[in-house]
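*Asks:* Prediction below, plus the sequence it came from.
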Amino acid sequence: MTATSTPTRPLPPAATARRLTGLKPTGHLQLGNLLGAIRPLVADQYRTPTIGFLADLHALTVTHDPARVRELTLEQATMLLAAGIDPDRSMLYVQSQVPEHAELHYLLECATGYGEAHRMIQFKEKSATQRQVRLSLLTYPVLMAADILLHDAQEVPVGEDQGQHLELARTVAARFNARYGETFTIPRAVLPRVAHRIMDLADPAAKMGKSNAAGAGTIFLLDPPEIVRRKVLRAVTDSGSTVAYEPDTRPGVANLLEILAACVGGSPTELAAGFSSYGQLKNAAAEAVTALLRPIQLRYAGLARDPGYVRRVLADGAERARESGAQTVHRTKRALGLLV
């Protein structure tokens, strides 16, 4: 393939850098989502244009309950607002309500190799446990690339497990620009200073995940204080007794220190020096987490009583997202020679 045209408008200047975060409605939001994705999005909205969306199309890559997807989508949107997302400062919407996501997805598939999608680690892991693998599971990293590139996002907060997908977006965007002219902004990954990967309290070798139905080591954002405290106090540590931040050799203690640091500030290493026992550390972490969640849960309860307001916010966000995304899709189609 060779370059055939140039974009119809210039790419956004660095001064209008946008930051984008997407959450998949496949489970109840948990502490890792709050610390790694939601709180940075809330903070960023006061300094740069921010976009938050519920990636419900991604929830269809595996067997799912349609009613539950709808329920979780509304729940997560409500939680984002409760956590501090300001609809006047951030664009908040549901992915499936913006058809430009799916349209750009197909256009990018035409610039992505099968091998690139097939080598994604998450595809290999998830497909290995399924008897019948959906094609969308293979191609969803390209949809993720479309999610990122649709709004000219320059910064994308990602966890360590999503780094490979962001690199695919960067690769596809750079290749497209080289073949067809400057069309896409090349995004970069942004990692939180601490707690960029909160681990399961019951299994420090596994990431805390919202799809864990049992949730013994997962702190869900709607967990009552007594449940949060019980989970933290039962957190796996190690056979030692001194408190030190050593992620490689003492992951359980390191996880608690990272959670505490994310909640109250400071570095895990500095905080470790203030504790003489695991019990002290666990009590401090439990108190910090419950204090962090308390106001969010109160605001959530109020918003949940008015789902109509949440839906209106999402509808307004979708309208704005369509306006923004349509420009990118038009530019992409023009570059590919689809528009006369």
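*Replies:* That came through fine.

*Asks:* Tell me which helix or strand comes right after the least confident helix or strand in the chain by mean pLDDT.
*Replies:* One helix or strand of the chain scores below all others by mean pLDDT, DSSP states H and E: helix 121-127, with a mean of 71. Heading C-terminal from helix 121-127, the first helix or strand you meet, by DSSP states H and E, is helix 135-149.

*Asks:* buried ones in that next one?
*Replies:* 137-149 (16 or more other CB atoms under 10 Å). The way it works is simple: take the backbone N, C-alpha and C, and place the C-beta from them, glycine included.

*Asks:* Domain map for this protein?
*Replies:* 14-194+306-336, 225-303 (automatic domain parsing).

*Asks:* list the buried ones in stretch 155-175?
*Replies:* Result for stretch 155-175 [16+ other CB under 10 Å]: buried residues 155-159, 162, 165-166, 168-173, 175.

*Asks:* could you dump the domains of the chain to CSV with distance to Ala206?
*Replies:* Formatted as CSV, the domains of the chain follow (distance: least, CB to CB, whole Å):
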stretch, distance to Ala206
domain 14-194+306-336, 11
domain 225-303, 10
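
*Asks:* so which of those gets nearest Pro204?
*Replies:* Closest approach to Pro204 among the domains of the chain (CB to CB): domain 225-303, 3.9 Å.

*Asks:* From the chain's centroid, how far away is the closest one?
*Replies:* 22 Å (CA atoms, centre = their mean, to the nearest Å).

*Asks:* Then stretch 56-65?
*Replies:* 16 Å.

*Asks:* Centre of the chain to stretch 311-324, how far?
*Replies:* On CA atoms, centre = their mean, the centre of stretch 311-324 falls 19 Å from that of its chain.

*Asks:* CA-only coordinates of that stretch, as CSV, when you get a sec.
*Replies:* Listed next in CSV are the C-alpha coordinates belonging to stretch 311-324 (Å, rounded to 0.1, in the frame of the first residue of the first chain):
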residue,chain,number,x,y,z
ARG,A,311,-28.3,8.7,31.7
ARG,A,312,-28.6,12.3,30.6
VAL,A,313,-24.9,12.9,31.4
LEU,A,314,-24.0,9.8,29.3
ALA,A,315,-26.2,11.0,26.4
ASP,A,316,-24.6,14.4,26.4
GLY,A,317,-21.2,12.9,26.5
ALA,A,318,-22.0,10.6,23.6
GLU,A,319,-23.2,13.5,21.5
ARG,A,320,-19.9,15.4,22.2
ALA,A,321,-17.9,12.2,21.5
ARG,A,322,-19.6,11.7,18.2
GLU,A,323,-18.8,15.2,17.1
SER,A,324,-15.1,14.7,18.1
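
*Asks:* Buried residues, it. List them.
*Replies:* Quick answer for stretch 311-324 (16+ other CB under 10 Å): Val313, Leu314, Gly317, Ala318, Ala321, Arg322, Ser324.

*Asks:* Any regions of the stretch 101-250 of the chain where pLDDT drops low?
*Replies:* Along the stretch 101-250 of the chain, segments meeting pLDDT under 70 span 128, 159-161, 192-196, 211-214.

*Asks:* What ranges does it have for its helices?
*Replies:* 114-118, 121-127, 135-149, 163-180, 225-233 (DSSP state H, counting those that start in this stretch).

*Asks:* Nearest to Arg294 among those helices would be which one?
*Replies:* helix 225-233 (7.3 Å).
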